[in-house]
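K.L.:
What follows is a predicted protein model with its sequence.
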Amino acid sequence: MTTIKVADFIDSGFSAEDAEKLTPSINAACSSGSEFIVDFADVQYFTTLFFSTAITRLVGELGEEEYQRRLRVINLSESGAETYNHALEYAIQYFKKTAAERETTAADVNAIMEDM
């Protein structure tokens with residue numbers, strides 16, 4: 001089983017750029033078809049954006065059951081685990097939507113971001 005040690009790539013999981021530093025390793029582990037671990041030891045700060053970009057996007061590629069079976073996240077702080085669980089729940093709900101519903105959701109989010 002592959003273990004991805006996040007601290008080897010980043011100090012904090014704060015941005016999409018932080019997430020993109022993990023993308024090659026996560027994609028390789030995902031492509032292997034095997035189970036894998038993402039180890040967050042020694043990484044302190046996280047955002048939902050980070051988890052959505054780095055990991056929970058895989059719910060769309062693998063499906064919820066396969067995601068839950070193959071990917072294990074370990075060594076998150078309490079607040080990190082809460083943030084991860086929020087991102088995961090959002091991804092699960094998002095990918096249950098039809099393509100048209102996802103487009104509407106994306107348009108709504110984009111409109112909100114433009115108003116900021």
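P.N.:
It's in.

K.L.:
Alpha carbons of the strand or helix carrying residue 3, as CSV, please.
P.N.:
Using DSSP states H and E, residue 3 maps to strand 2-5. The C-alpha trace of strand 2-5 is given here as CSV (Å, rounded to 0.1, in the frame of the first residue of the first chain):
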residue,chain,number,x,y,z
THR,A,2,1.3,3.4,-1.0
THR,A,3,1.7,6.1,1.7
ILE,A,4,1.9,9.7,0.6
LYS,A,5,3.5,11.8,3.3
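
K.L.:
so where do the helices sit in this structure?
P.N.:
16-31, 48-51, 58-62, 64-70, 78-96, 99-115 (DSSP state H).

K.L.:
among those helices, which is nearest residue 41?
P.N.:
Nearest to residue 41, of all those, is helix 78-96, at 10.9 Å by C-beta to C-beta. In short, each C-beta sits where N, CA and C put it, glycine included.

K.L.:
mean confidence for that closest one?
P.N.:
Average pLDDT, helix 78-96: 95.

K.L.:
sorry, back to before: give me whichever of the helices of the chain is most buried.
P.N.:
Stretch with highest mean neighbour count among the helices of the chain: helix 48-51 (a mean of 20; mean count of other C-beta atoms under 10 Å).

K.L.:
Relative to the whole chain's centre, how far out is it?
P.N.:
Distance of helix 48-51 from the chain centroid (C-alpha atoms, centre = their mean, to the nearest Å) equals 6 Å.

K.L.:
elements contacting it?
P.N.:
helix 16-31, helix 78-96 (3 or more C-beta pairs under 8 Å, 6 or more residues apart in numbering; DSSP states H and E).

K.L.:
Turn the ones you listed into TSV, including distance to residue 54.
P.N.:
Converted to TSV, these look like this (distance: least, C-beta to C-beta, whole Å):
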stretch	distance to residue 54
helix 16-31	4
helix 78-96	9
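
K.L.:
just so I know, which of these lies nearest residue 69?
P.N.:
Nearest to residue 69, of the helices and strands packed on helix 48-51 and by C-beta to C-beta, is helix 16-31 at 12.3 Å.

K.L.:
ok, and what's touching the closest one?
P.N.:
Contacts with helix 16-31, where a contact means C-beta atoms under 8 Å, 6 or more residues apart in numbering, come from 2, 4, 6, 9-10, 12-13, 36, 38, 49-55, 58, 61-62, 70-71.
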